[in-house]
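>>> only geometry, no sequence info:
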């Protein structure tokens, strides 16, 4: 699996302290939009999320393909 | 709407379903279906914008001259009858496309009009590679006006009426529409056969109608069918006493079905339709629920960087991709299975983001967040 540019999103870490005093930003469903076109039916993505397991290690990342027609046929 | 007959007069775009089906489905569900506003046929959401602004990354786009209309629909006898009986002048161009298929006589049976054998095979061979991107497969009812539109929109079949490239609620909507498609497709086929019985087609012709059923795509075609022509003797045999009066047959079928209420439809369509109707109600309840799970964790998500520090992300097996603010992406791992209220407080404290319920709902709908087990219950 290609790991180019792969990184895990940062969460509760050191950056939090730096932005602690900034006013909170409100995000609603309207701030997340559907992307034009379909997803990468034939391409792999270059950045993946790896879930963290209970023991602190990273679980396997996932790369998916999707067949547009499969959506239609369920 | 309960018990209403189809009333074209009160139907207006963007009402989702054809006017024949809307009162039936309203009665089944006990409410209206939320509009799929992200599937913008007039400005196709699957076509790359002219400036190419969003045309980067892994997205796959349809061609503007086809959109998703790379599919030749089956039209059942009663649908054809309704089309032929609609003398609205503004519908003339669409009606003419159906007349042309009838005049060709190929794959025209008392059951309705099926795709030409060659078209059916090309659709199968092209698969996802050709869908939305091949002019050869373009629908004969597609009109090259107003940027491309459906000529038989008010009478389109169940597949066309329930297919959306995007769903406001992502997989939740897709699952609902998939079962509604299967329900209405079942209803269409059974009603077409019900009409054949009511109109007393000759028994030999009935046998030929069943023999011509090629829904599995496994039929062997003869030379004339592959050439897109018709063998006159076969055509006469399949129409029996109605041969030469095909349009009258279709009009009568339309009149029969137009008069049906939803209970009538279920009675005619049989056990499979009743099962699917119950399933559609179940999926509709999910579609109209805003409940947020008590505990959430991150799903199986893949993503790619986008412009302006944003991220395009989608869950495994979900076609629709979301465009997220980068800071939201960074905060997602905070959803680690703790109670959702506690996670929201942590995100507010550590990421300075107040996540609104509508945003959580969307992330759950698109499966970027998934329900997590309560550890107390799990023990």
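That came through fine. On a predicted model such as this, the values are computed, not experimentally measured, just so you know. Residues are numbered from 1 along each chain as shown, chains lettered A, B, ... in the order given.

>>> buried set for stretch B:288-302?
B:295, B:296, B:297, B:298, B:299, B:300, B:301, B:302 (16 or more other CB atoms under 10 Å in any protein chain shown). Where C-beta positions appear, they are placed from N, C-alpha and C, glycine not excepted.

>>> tell me the span between the first and last residue of that stretch.
In stretch B:288-302, first residue to last residue: 27 Å (CA to CA, to the nearest Å).

>>> so how far is that stretch from its chain's centroid?
A distance of 26 Å separates the centroid of the chain from that of stretch B:288-302, by CA atoms, centre = their mean, to the nearest Å.

>>> and it, average pLDDT?
Averaged over stretch B:288-302, pLDDT sits at 93.

>>> with stretch B:164-179 instead?
With pLDDT averaged residue by residue, stretch B:164-179 scores 90.

>>> name the residues of it that come out as buried.
B:164-179.

>>> surely residue B:193 touches residue B:111?
Yes: the pair formed by residue B:193 and residue B:111 meets the contact definition of CB atoms under 8 Å, at 7.3 Å.

>>> ok so, going back, near chain A too, which of the buried residues of stretch B:288-302?
Checked against chain A using CB under 8 Å from any CB of the partner chain, those give the following subset in range: B:297, B:298, B:300, B:301, B:302.

>>> backbone dihedrals for the third one, please?
Note on residue B:300: its backbone torsions stand at phi -90, psi 100 [degrees, to the nearest 10].

>>> the fourth one too?
The main-chain torsion angles of residue B:301 are listed as degrees, to the nearest 10 and equal phi -120, psi 140.

>>> returning to what we had before: and the buried residues of stretch B:164-179 near chain A, which?
Contacts with chain A within the buried residues of stretch B:164-179, as defined by CB under 8 Å from any CB: B:165, B:166, B:174, B:175, B:178.

>>> for residue B:361, give me its contacts.
Counting by CB atoms under 8 Å, 6 or more residues apart in numbering or on different chains, residue B:361 touches A:29, B:290, B:292.

>>> now do it against residue B:156, distance only.
When distance is defined by CB to CB, to the nearest Å, residue B:361 is 31 Å away from residue B:156.

>>> check residue B:284 too.
In this structure, residue B:284 lies at 21 Å from residue B:156, with CB to CB as the measure.

>>> surely residue B:151 touches residue B:92?
No: under the criterion of CB under 8 Å, residue B:151 makes no contact with residue B:92, lying 9.6 Å away.

>>> looking at these two, which one has more neighbours?
With other CB atoms under 10 Å in any protein chain shown as the criterion, residue B:151 and residue B:92 differ in neighbour count, and residue B:151 comes out ahead with 22 against 12.

>>> excluding its backbone neighbours, what's nearest the more buried one?
residue B:94 (3.1 Å; CB to CB, 6 or more residues apart in numbering or on different chains).

>>> same check on residue B:270?
Closest residue to residue B:270 apart from its sequence neighbours, by CB to CB, 6+ apart: residue B:190 at 5.8 Å.

>>> what's the neighbour count on the one you found?
The burial count assigned to residue B:190 is 18, neighbours taken as other CB under 10 Å.

>>> now do it, the pLDDT please.
Per-residue confidence (pLDDT) for residue B:190: 96.

>>> give me the secondary structure label for it.
Reducing the assignment at residue B:190 to three states with DSSP: H, G, I helix; E, B strand; the rest coil gives helix.

>>> again with the one 10 residues further on
When the structure is reduced to helix, strand and coil (three-state DSSP), residue B:200 reads as coil.

>>> ok, now how distant is it from chain A?
Computed as CB to the nearest CB, to the nearest Å, the residue B:200 to chain A distance reads 36 Å.

>>> since we're on residue 34, how many residues are nearby?
Went with chain A since none was named. Here the count is done by other CB under 10 Å, and residue A:34 has 20 residues near it.

>>> that's the wrong chain, I meant chain B
In terms of burial, residue B:34 registers 15 neighbours under the definition other CB under 10 Å.

>>> wait, it touches residue B:168, no?
Yes: in this structure, residue B:34 sits in contact with residue B:168. The criterion is CB under 8 Å, and the distance is 6.5 Å.

>>> contacting residues for the spatially closest residue to residue B:191 that is not a sequence neighbour?
Taking CB to CB, 6+ apart, and ignoring the residues beside it in sequence, residue B:191 has residue B:257 as its nearest neighbour in space, at 5.5 Å. Going by CB under 8 Å, 6+ apart, residue B:257 touches B:20, B:78, B:81, B:82, B:191, B:195.

>>> next step: those residues restricted to helices.
Among those, the members falling in helices (DSSP state H) are B:78, B:81, B:82, B:191, B:195.

>>> who's in contact with the fourth one?
Which is residue B:191. The neighbourhood of residue B:191, defined by CB under 8 Å, 6+ apart, consists of B:76, B:78, B:257, B:260, B:265, B:268, B:269.

>>> so, low pLDDT: which residues of chain A?
Within chain A, the segments meeting pLDDT under 70 span A:1-23, A:36-74.

>>> which stretches of the stretch 251-379 of chain B form helices?
Shown for the stretch 251-379 of chain B, the helices assigned by DSSP state H, counting those that start in this stretch span residues B:262-269, B:271-287, B:326-331, B:340-351, B:357-365, B:375-378.

>>> now render these as a markdown table, adding distance to residue B:315.
Written out in a markdown table, the entries for the helices of the stretch 251-379 of chain B read as follows (distance: least, CB to CB, whole Å):
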| stretch | distance to residue B:315 |
| --- | --- |
| helix B:262-269 | 35 |
| helix B:271-287 | 16 |
| helix B:326-331 | 14 |
| helix B:340-351 | 18 |
| helix B:357-365 | 10 |
| helix B:375-378 | 23 |
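
>>> okay, domains of chain B per the record?
Dividing chain B into domains by automatic domain parsing, as the record does, gives the ranges B:8-287, B:295-378.

>>> for residue A:24, which of these is the nearest?
Taking CB to CB as the measure, the domains of chain B were each checked against residue A:24, and domain B:295-378 came out nearest at 4.7 Å.

>>> which one, of the domains of chain B, ends up nearest to residue A:25?
Evaluated over these, closeness to residue A:25 peaks at domain B:295-378, with 5.4 Å, by CB to CB.

>>> so how far is the closest one off the chain centroid?
Going by CA atoms, centre = their mean, the spacing between the C-alpha centre of domain B:295-378 and its chain's C-alpha centre is 29 Å.
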